[in-house]
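Visitor: Predicted model, plus sequence, below.
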Amino acid sequence: MCGRFSLAADLDRIEQALQVHLPGLSLSPRFNIAPTQQVAALTSLDPLRLEMLRWGLVPSWARDPRVGARLINARAETASNKPAFRSALAKRRCLILADGFYEWEQVGIKGRPARKPYHVRLSSGDPFVFAGLWESWQDPQGKELRSCTILTCQANELIARFHQRMPVILGPQAARSWMEPSQVAGDLVQLLVPFASDRMTIKAVGPIVNNPRNDVPACLEPIG
């Protein structure tokens, strides 16, 4: 799964890695992005459109937007069959910008269970995109809420020590295919596969990241 990630890279590096031009865009560095917070997502490549979406998908038919807190991830294998995701998979795919994500290892410290955080990123250090879905929901007064979820797949060898699932990371070519409006859901499955372990790196970080209120550079500082 994916429950926390980062986007601290500068704009030039984001544009170079994603092979896009984002004129006039201003993004503040984020070191500890948590569910229900705003995330940067490309909802169209032609024309290019970057939006801030709330992380945790709220289906258009939902009675209460709080349901989004339970829909931060969507399983790639079943999204096309789930009422909460199938419409978005067909019509509202997006690319969620990131430069790393967090995983936790269950460890025992002095006989007490604890969670040891790790930060995972590409070996190149480049920013990347998660495969995502987005939705539009309106409250009774007509106010719109745009939200998103991150697709997950079976974990690769690197991530499997922490969790059975991992977020779907797309390279530039796969990202463009994912965003192509003419693509049908059945043909997209081949894109939703584990990213190669040998192109990723992982480092232990401090427990400061365990608190989602902490969104500071220290979240990325390695320990040990």
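Guide: Nice, I can see it.

Visitor: all strands of the chain, in order?
Guide: Secondary structure of the chain (DSSP state E): strands at 5-7, 30-33, 38-45, 48-55, 73-75, 93-98, 100-109, 112-122, 128-138, 144-154, 165-167, 169-170, 200-204.

Visitor: what are the pairing partners of the shortest one, and which direction each?
Guide: Using DSSP bridges, the strands paired with strand 169-170 in its sheet are strand 128-138 (antiparallel).

Visitor: Next, the angle strand 200-204 makes with the strand it pairs with.
Guide: 80 degrees (axes from the mean of the first three to the mean of the last three CA atoms, to 10 degrees).

Visitor: Buried by neighbour count: which residues of strand 128-138 qualify?
Guide: Residues of strand 128-138 classed as buried: Phe128, Val129, Phe130, Ala131, Gly132, Leu133, Trp134, Glu135, Trp137 (neighbour count, 16 or more other CB atoms under 10 Å). No exception for glycine: its C-beta is placed from N, CA and C like everyone else's.

Visitor: Out of those residues, the closest to Pro65 would be?
Guide: Nearest to Pro65 among the buried residues of strand 128-138, counting by CB to CB, is Trp137 at 6.2 Å.

Visitor: picking that back up, take the strands of the chain and write them to a markdown table, including distance to Pro217 and mean pLDDT.
Guide: Conversion of those to a markdown table gives the following (distance: least, CB to CB, whole Å; pLDDT from 0 to 100):
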| stretch | distance to Pro217 | mean pLDDT |
| --- | --- | --- |
| strand 5-7 | 10 | 98 |
| strand 30-33 | 6 | 98 |
| strand 38-45 | 18 | 94 |
| strand 48-55 | 21 | 94 |
| strand 73-75 | 26 | 97 |
| strand 93-98 | 16 | 97 |
| strand 100-109 | 13 | 87 |
| strand 112-122 | 12 | 89 |
| strand 128-138 | 20 | 97 |
| strand 144-154 | 23 | 97 |
| strand 165-167 | 22 | 98 |
| strand 169-170 | 23 | 98 |
| strand 200-204 | 14 | 97 |
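
Visitor: coming back round to it: quick one: the buried residues of strand 128-138 as CSV, columns for distance to Pro23 too.
Guide: Below are those laid out as CSV (distance: CB to CB, whole Å):
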residue, distance to Pro23
Phe128, 21
Val129, 19
Phe130, 23
Ala131, 25
Gly132, 22
Leu133, 26
Trp134, 22
Glu135, 27
Trp137, 29
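
Visitor: for those residues, which one is nearest Val168?
Guide: The nearest member of those to Val168, counting by CB to CB, is Ala131 at 4.1 Å.

Visitor: if I pick the closest one, what's in contact with it?
Guide: Applying CB atoms under 8 Å, 6 or more residues apart in numbering to Ala131 gives the contacts 76, 93, 95-96, 150-151, 167-170, 178, 191-192.

Visitor: can you check Asn156 too?
Guide: By CB under 8 Å, 6+ apart, the contact list for Asn156 reads Met166, Pro194, Phe195, Ala196, Ser197, Met200.
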